[in-house]
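K.L.:
With the input below, show me the fold.
(2 chains)
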Amino acid sequence: MAEIETKGDAVAREIAQEHRDRVGGVLIALREIVARFGFVSRTQEHDVAEVFNLSRAEVRGIVSFYHDLKTRPQPPVQVRVCQAEACQSVGARELTRRVETHLGVKLGEPSDGVSLDAVYCLGLCAQAPSMMVNGRPLARADLCDLAEEIPA
Amino acid sequence: MTTAFVPLDTAAVAAGADAVAAAVADTGAAIIRNGSRGMCWAEPTMEIEYGGARLAFGNVAASDVAGIFQQHERHAKCLGEVSEIEYLQRQTRAVFDRAGTSHPLELPKTTVVEECLGRDPKSLIGEIETSGLRGRGGAGFPAHIKWRTVFDTPGEQKYIVCNADEGDSGTFADRILMEGDPYRLIEGMTIAGLATGATKGYVYLRSEYPIAADVFQAALDNAYADGLLGTNILGSGKAFDLELFIGAGAYICGEETSLLESLEGKRGEIRVKPPVPAVSGLFGAPTLVHNVISFAAVPAIMKHGGAWYADMGVGRSTGTMAFQLAGNVLRGGLIEVPFGITIDEVVNGFGGGTRSGRPIRTIQIGGPLGAYLSPDEFDTPLTYEAIAELGAGIGHGGIVVFDDTVDLAQQAHYAFEFCEVESCGKCTPCRLGSVRGKETMSGIIEGRDVEQKLTIIEGLCEVMETASLCQMGGMTPIPVLSAMKRFPEDFRR
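P.N.:
From the prediction side, this is the model:
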């Protein structure tokens, strides 16, 4: 995998420093780096490792464990469609296919302009199927006009 | 001037409540963003105070608002007076009695903490024992045993940890409570701290619930400002600090030891038990871990007494349970009732059958690791014991309804797939068993060597059930085998 560099190292280090003495500080720092940059770069992993006095492998281990800790830049449009049982019972599979056709990408496949990922439960199980567009939850997504809800 | 209530709850917002709220603001009426009452099927709801009553409206669109203010109870979307809505009237709300009544941060911050500050820890634990409260996260373990263990185990620093990593599909009670009545949780955890001698607490919330995070953090700030948290609670000299911690997307972190690892900033890999967290939990210290609803039940128990709580329910399933009805159902939502109500009363009585109008074929009870049941079993009362006799579990109270278009072989395949995606990878039966199970199930769905593969599945499930380190691998066989047992025809097409 190609090394992805960013110029955010000083910021990442600062974020790590800020949370160094907190319970679960590593995870808090990594979450914040992702919130800021969209992902954690290799360089930033090293920065975090140094500040927390951990090995690079340990930080890589943490990053690779959690779905939210992305290691690649995220596209401007991020769509997540719930794949869990309550949504399945009212057409999550059909909804997923519709969104795939609309966006021209397959679920889970990386793409430049848009990401389409599975999510397992948004807590909207009584108004299923549900999806999330750039962090905005949508209930009864089967009734939604995709062209209206998803920015082109 | 009219006051309108439009929920800020995720279920309402995801259905368009913000646009409704904006339309209310345009009319010049006062607006209060309340929590949800749990009638998810009617979201976005809107309530108005009119003629001394509080009228509710369901499935409100922004374009309805002007008409509602003119026509009041004559408007087509009026559900009637809130206190007379059957869906709510038939519930017994001990935990969710305040959720949805007002803005979550405008609710009273404390009802019983002050009184508990003056009580002996042993009497607080005794009250929990009398109540018969059992863990609402899934395992149903008697709460007082955990409380007493934390109290009895020596340790300089003890912890209270709330598991708000509500990842089970079909569940949303934790979210509704945290978005609708966050002080209830703060109070429950504070009392648990006073009883066990723990002075620090953490709420571990899943990252998929951003609104709950905002509301709860604001509630924490308010509680600190009012001296309800910190080193000197209400001038008593007793301390309890509480912090919100947001997860990073991992279903397994709902397992308590995995949650503790994650809270320590590590990979959320599970720990081998024993020792249990009550003896050696966060950073090896005695730690009381409970689900949101377990803690949220505590204030009512302290206020009305353990005996009052124990009077509700059946046998050793005491008190109320917040069932969450979801999936292909007409009126899904939060249903807090005493244990003992039948599945039928929940699914057909409250739920009104399927949303699609087709017959119900199965329900899955207790989340993704829960059993698929047949309609023949719907007369079973919802108690820990009666549901266990079906080889199932109540879990966190989620009930997902499926109509007759469901393919149970696909659902069994999904159970393995979910386990594959969410396994922490620490033990082999779960990490590899899930992958092999999924592959084998694919073969069954394609009709290749079906009988042989079904035997393989049974063997594999036995290994996963008996040899996995935690319930993720240990309970994945439940949805698979329950589906194979009750719906064999779906596996032999």
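
K.L.:
which residues touch whatever residue of chain B ends up closest to chain A?
P.N.:
Proximity of chain B to chain A (CB to the nearest CB) peaks at residue B:332, 2.9 Å away. (C-beta placed from N, C-alpha, C; glycine too.) By CB atoms under 8 Å, 6 or more residues apart in numbering or on different chains, the contact set of residue B:332 is A:125-127, B:40-41, B:324-326, B:351, B:401.

K.L.:
Leaving aside the residues adjacent along the chain, what's closest to it?
P.N.:
Excluding the flanking residues, the one nearest residue B:332 by CB to CB, 6 or more residues apart in numbering or on different chains is residue A:126, at 2.9 Å.

K.L.:
for residue B:205, same thing?
P.N.:
Residue B:205 sits nearest to residue B:164 (CB to CB, 6+ apart), 4.3 Å away.

K.L.:
which bits of the stretch 101-250 of chain B sit near chain A?
P.N.:
B:166-172, B:175, B:202, B:207-210, B:243, B:245-250 (CB under 8 Å from any CB of the partner chain).

K.L.:
if you look at these, which of them are in strands?
P.N.:
B:202, B:243, B:245-246 (DSSP state E).

K.L.:
Which of the helices or strands spans residue B:162?
P.N.:
strand B:159-164 (DSSP states H and E).

K.L.:
Wait, the residue nearest to residue B:205 touches residue B:203, no?
P.N.:
Yes: the pair residue B:164 / residue B:203 is scored as a contact, 5.5 Å apart, by CB atoms under 8 Å.

K.L.:
so who does the residue in chain A that chain B sits nearest to touch?
P.N.:
Chain B sits closest to residue A:126 of chain A, with a gap of 2.9 Å, by CB to the nearest CB. Contacts for residue A:126 (CB under 8 Å, 6+ apart) come out as A:86, B:11, B:40-41, B:172, B:324-327, B:329, B:332-333.

K.L.:
Let's see which of these end up in strands.
P.N.:
B:324-327, B:333.

K.L.:
Which of these ranks first by neighbour count?
P.N.:
Sorting the ones in strands among the contacts of residue A:126 by how many neighbours each has (other CB atoms under 10 Å in any protein chain shown) puts residue B:326 first, at 34 neighbours.

K.L.:
which non-adjacent residue is nearest it?
P.N.:
Nearest to residue B:326 is residue A:125, by CB to CB, 6+ apart, at 3.4 Å.

K.L.:
Could you pull up phi and psi at that neighbour?
P.N.:
phi -70, psi -20 (degrees, to the nearest 10).

K.L.:
Contacts only, for it.
P.N.:
Contacts of residue A:125 by CB under 8 Å, 6+ apart are A:84, A:86-87, B:169-172, B:324, B:326-327, B:332, B:398, B:400.

K.L.:
What is the strand holding residue B:162 packed up against?
P.N.:
When contacts are defined as 3 or more CB pairs under 8 Å, 6 or more residues apart in numbering or on different chains; DSSP states H and E, strand B:159-164 packs onto helix B:182-196, strand B:200-205, helix B:256-263, strand B:287-291, helix B:292-304.

K.L.:
Using CSV, please lay out the ones you listed together with mean neighbour count and mean pLDDT.
P.N.:
Shown next, in CSV, are these (neighbours: other CB atoms under 10 Å in any protein chain shown; pLDDT from 0 to 100):
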stretch, mean neighbour count, mean pLDDT
helix B:182-196, 27, 98
strand B:200-205, 24, 98
helix B:256-263, 25, 97
strand B:287-291, 27, 98
helix B:292-304, 25, 98
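
K.L.:
TSV please, covering those and showing distance to residue B:383.
P.N.:
Formatted as TSV, those follow (distance: least, CB to CB, whole Å):
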stretch	distance to residue B:383
helix B:182-196	23
strand B:200-205	29
helix B:256-263	23
strand B:287-291	18
helix B:292-304	16
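
K.L.:
Nearest to residue A:149, out of the ones you listed?
P.N.:
Across those, residue A:149 has its closest neighbour in strand B:200-205 (26.0 Å, CB to CB).

K.L.:
contacts for the closest one?
P.N.:
With CB under 8 Å, 6+ apart as the test, strand B:200-205 has contacts from A:23, B:157-165, B:178, B:185, B:189-190, B:192-193, B:212-213, B:216, B:240-247, B:253, B:259, B:262-263, B:282.

K.L.:
of those residues, buried ones?
P.N.:
Burial by neighbour count, 16 or more other CB atoms under 10 Å in any protein chain shown: within the contacts of strand B:200-205 this picks out A:23, B:158-165, B:178, B:185, B:189-190, B:192-193, B:212-213, B:216, B:240-247, B:253, B:259, B:262-263, B:282.

K.L.:
Spit out the contact partners of the most centrally placed residue in chain B.
P.N.:
The residue lying closest to the centre of chain B (CA atoms, centre = their mean) is residue B:173, at 3.8 Å. Going by CB under 8 Å, 6+ apart, residue B:173 touches B:166, B:292-293, B:322, B:324, B:334, B:396-397.

K.L.:
element containing the closest residue to it other than its chain neighbours, please.
P.N.:
Nearest residue to residue B:173 in three dimensions, chain neighbours excluded: residue B:322, at 4.2 Å (CB to CB, 6+ apart). Here residue B:322 sits within strand B:320-327, counting by DSSP H and E.

K.L.:
From the centroid of chain A, which residue is nearest?
P.N.:
Chain A, centroid-nearest residue using CA atoms, centre = their mean: residue A:68 at 4.4 Å.

K.L.:
mind listing what it touches?
P.N.:
By CB under 8 Å, 6+ apart, the contact set of residue A:68 is A:31, A:34, B:207, B:247-249.

K.L.:
for residue B:93, phi and psi?
P.N.:
phi -100, psi 110.

K.L.:
now the nearest residue to it once chain neighbours are set aside, which residues is it bridged with?
P.N.:
Spatial nearest neighbour of residue B:93, excluding adjacent residues (CB to CB, 6+ apart): residue B:336 at 5.0 Å. Counting by DSSP bridges, residue B:336 is bridged to residue B:322.

K.L.:
State the distance from residue B:336 to residue B:325.
P.N.:
When distance is defined by CB to CB, to the nearest Å, residue B:336 is 12 Å away from residue B:325.
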